[in-house]
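In: Give me a 3D structure for the following:
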Amino acid sequence: MNVPTSNHPLQSLNQQLRQVFETFQLLELQLSPENAYHVIKSSVFYLSFGKDDYTNLFLRNSSGIRFKYDGHAFAHVLVNEMVRVMRNLYAANVRKIVCMGILPLGCAPRILWERHNTTDIGAGDATGECVGEINLRVLEYNTMLEERVVELNSELSEAHIVFCDVYQGIMEIIQNPRRYRFKEVKMACCGLGPYGGMAGCVDPGLACHDASTHVWWDLYNPTPAVNSLLAHSAWFGQPMPNICRPVTVQELATAPILPR
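Out: Now for the predicted structure:
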């Protein structure tokens, strides 16, 4: 949804959608309507929303969002927005969509730092373990979103929509770091305070010596090494199979499309 806040001015989802349609119009002017139609229909569109809404609006309680929605209702609102976008894109001849889930925010350095300083955000003590309450909220959103993706693939005759489960992928790395050559699963590579979660990467010079051994780069974002592993798994289905469902991104990209 990306609702702007005073501390985190973000571009709204509607603004981003308008920019997509403006780009489609430019393609028609530059390539001709027929060629633009083919480009749009054969291209893969990548949708990744929701993380900022959870971190900036719900977990941080900006704009009093907790007084308006419980966890289930909040997930429902965000999923409905994602579905609305996919329907609008489909109406504009988009057929191939990669729809990303949300990563396990309950394991992020910022959340661990908050747990270190308070017991209000979940059960347990300040052990550095992932915050289960927050991960359950993320899982609820991801599960709901994947169910709607399955429904859309069935309902929209030409739709090829893939759900990519980054939550599953990052949890696999956190639970089995040596298998994937990681050493640090809690501490941010670049940040201040316990777990590097008190303040973000205010200066790249503060970064750790080797980011490739860390799961987390800063408060909420994985390192390039994690992103590379997730991308490889999403495209090829290896080394972490079934991250993207029902097919890999490579299979999505090469799937044939029906002619006009």
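In: Under the pLDDT cut-off, which ranges of the stretch 151-260 of the chain? List them.
Out: Counting by pLDDT under 70, the stretch 151-260 of the chain shows no low-confidence range.
In: how close does the closest residue to residue 88 other than its chain neighbours get to residue 92?
Out: Closest residue to residue 88 apart from its sequence neighbours, by C-beta to C-beta, 6 or more residues apart in numbering: residue 17 at 6.3 Å. (Each C-beta comes from the backbone N, C-alpha and C, glycine too.) Applying C-beta to C-beta, to the nearest Å, the value for residue 17 to residue 92 is 10 Å.
In: again with residue 235
Out: 25 Å.
In: Measure how buried residue 214 is and give me the count.
Out: Per other C-beta atoms under 10 Å, the neighbour tally for residue 214 reads 25.
In: In contact with it, which residues?
Out: 182, 183, 184, 187, 188, 189, 208, 223, 225 (C-beta atoms under 8 Å, 6 or more residues apart in numbering).
In: What is the neighbour count of the residue nearest to residue 258 when sequence neighbours are not counted?
Out: Leaving aside its chain neighbours, residue 258 sits nearest to residue 158 (5.8 Å; criterion: C-beta to C-beta, 6+ apart). As a burial measure, residue 158 scores 12 neighbours (other C-beta under 10 Å).
In: in terms of contact, does residue 158 touch residue 95 like I think?
Out: Yes: assessed by C-beta atoms under 8 Å, residue 158 is found in contact with residue 95 at 5.2 Å.
In: overlap in contacts of those two?
Out: residue 257.
In: Where does the nearest residue in space to residue 247 that is not next to it in sequence sit: helix, strand or coil?
Out: The shortest distance from residue 247 to any non-neighbouring residue, by C-beta to C-beta, 6+ apart, is to residue 162 (6.1 Å). When classified by DSSP: H, G, I helix; E, B strand; the rest coil, residue 162 comes out as strand.
In: so residue 146 sits in a strand?
Out: No: in this structure, residue 146 is helix, not part of a strand, as judged by three-state DSSP.
In: tell me the centre residue of the chain?
Out: residue 102 (4.0 Å; C-alpha atoms, centre = their mean).
In: ok, that one - contacts?
Out: Residue 102 neighbours (C-beta under 8 Å, 6+ apart): 50, 51, 54, 138, 141, 142, 166, 167.
In: Would you mind giving both backbone torsions of it?
Out: Here is the backbone geometry of residue 102 (degrees, to the nearest 10): phi -100, psi 140.
In: Appreciated, that's everything.
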